[in-house]
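*Asks:* Kindly return the folded structure for what I paste below:
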Amino acid sequence: MTPATPVRSSLALRRIELFEGLGDACLDQIAADCDWRAVEARRPLFTRASDGGEVYFLVSGRARITTYSANGREVAFRDCEAGEHFGDLSALDGQPRSADVVTLESSLVACMAPQAFLALLQREPMLAMRMMRNLTRLVRRLTERVIDLSTLGVHTRLHTELLQLARAAGVAPDHSARIDPMPPHAALAGKISTNREQVTRELGALTRRGVLKKEGAHAVLVPDVRALEALVAAVRGD
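*Replies:* Down below sits the predicted model:
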């Protein structure tokens, strides 16, 4: 079934982090400048090397920024939650896309043409400064990832990713954390640049050691997050 055409809504744009603090008139103009799309799950929004420079504002749903190697292995960069935006690199430099973006669930996106986005940054210096901070964080994250891929083994990269997931899920007073849903093994492999089989083997080993405990079909309990922290610190030298 084709999703119904969504209604333009400046109120919905208040969910976008980049637009925090903007006035009603500005949000009304942004809503009018955007093309609003309801997109089903597992649908590509754009692909690597494709032309176009629209900036996407994720009003609801989830999306994944990813790409594929020559042999077809997925390399996942990050998952985007409602309130985030993406596609701005091509809008800023006029170059083709550097990655693929696919929806993980049914999503509502507002898309702005690159010319309109650049004009918005010129009108709103606060947004331009916010964009510079976002790009700085991106460079730092990518630098850390290059260092990890160059210096850490697969096991430690997986332990680090699990630790990040546990902290994002929330650590309870008893030091436990419940990751729900637990990403599929293939998705974890894409994030740490390995294959699904290695992820499956190491998750099994962590479960046998009691570091992880499977709960139901899609959740994993970390009984003591400090055990994961110790595994990561032992290799990183923290």
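
*Asks:* I'd guessed G53 sits against P114; true?
*Replies:* Yes: if you go by C-beta atoms under 8 Å, G53 and P114 touch, sitting 3.6 Å apart. Where you see a C-beta, it was placed from the backbone N, CA and C, and this is true even at glycine.

*Asks:* ok, these two, which is more surrounded?
*Replies:* Taking other C-beta atoms under 10 Å, G53 and P114 do not tie; G53 has more neighbours (22 against 18).

*Asks:* any idea how far that one is from M126?
*Replies:* 22 Å (C-beta to C-beta, to the nearest Å).

*Asks:* repeat for E215
*Replies:* E215 is 44 Å from M126, by C-beta to C-beta.

*Asks:* again, but for A230
*Replies:* Counting by C-beta to C-beta - A230 and M126 are separated by 43 Å.

*Asks:* what does stretch 112-126 rub up against?
*Replies:* If you take C-beta atoms under 8 Å, 6 or more residues apart in numbering as the criterion, stretch 112-126 is touched by 21-22, 26, 30, 33-35, 53-55, 57, 88, 90-92, 94, 127-128, 131.

*Asks:* For it, buried residues please.
*Replies:* Using 16 or more other C-beta atoms under 10 Å as the test for burial, stretch 112-126 gives 112-114, 116-118, 120-121, 124.

*Asks:* any chance of those residues in CSV, plus distance to A76?
*Replies:* Listed next are those as CSV, based on distance: C-beta to C-beta, whole Å:
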residue, distance to A76
M112, 25
A113, 27
P114, 25
A116, 29
F117, 25
L118, 29
L120, 29
L121, 28
E124, 32
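
*Asks:* Redo these as JSON lines? Include distance to V146, secondary structure and pLDDT.
*Replies:* As requested, the buried residues of stretch 112-126 are exported to JSON lines (distance: C-beta to C-beta, whole Å; DSSP: H, G, I helix; E, B strand; the rest coil; pLDDT from 0 to 100):
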{"residue": "M112", "distance to V146": "31", "secondary structure": "strand", "pLDDT": "97"}
{"residue": "A113", "distance to V146": "32", "secondary structure": "coil", "pLDDT": "97"}
{"residue": "P114", "distance to V146": "28", "secondary structure": "helix", "pLDDT": "96"}
{"residue": "A116", "distance to V146": "33", "secondary structure": "helix", "pLDDT": "97"}
{"residue": "F117", "distance to V146": "28", "secondary structure": "helix", "pLDDT": "97"}
{"residue": "L118", "distance to V146": "29", "secondary structure": "helix", "pLDDT": "97"}
{"residue": "L120", "distance to V146": "32", "secondary structure": "helix", "pLDDT": "97"}
{"residue": "L121", "distance to V146": "28", "secondary structure": "helix", "pLDDT": "96"}
{"residue": "E124", "distance to V146": "33", "secondary structure": "coil", "pLDDT": "95"}
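
*Asks:* Chain neighbours aside, what residue packs nearest to L104?
*Replies:* Distances taken as C-beta to C-beta, 6 or more residues apart in numbering place R62 nearest to L104, at 4.2 Å, with adjacent residues excluded.

*Asks:* Over to L45?
*Replies:* Using C-beta to C-beta, 6+ apart, the closest residue to L45 is V101 (4.4 Å).

*Asks:* what's the spatially most central residue of the chain in contact with, if anything?
*Replies:* Here the mean C-alpha position of the chain is nearest to the C-alpha of D79 (C-alpha atoms, centre = their mean), at a distance of 2.1 Å. By C-beta under 8 Å, 6+ apart, the contact set of D79 is 62-65, 104.
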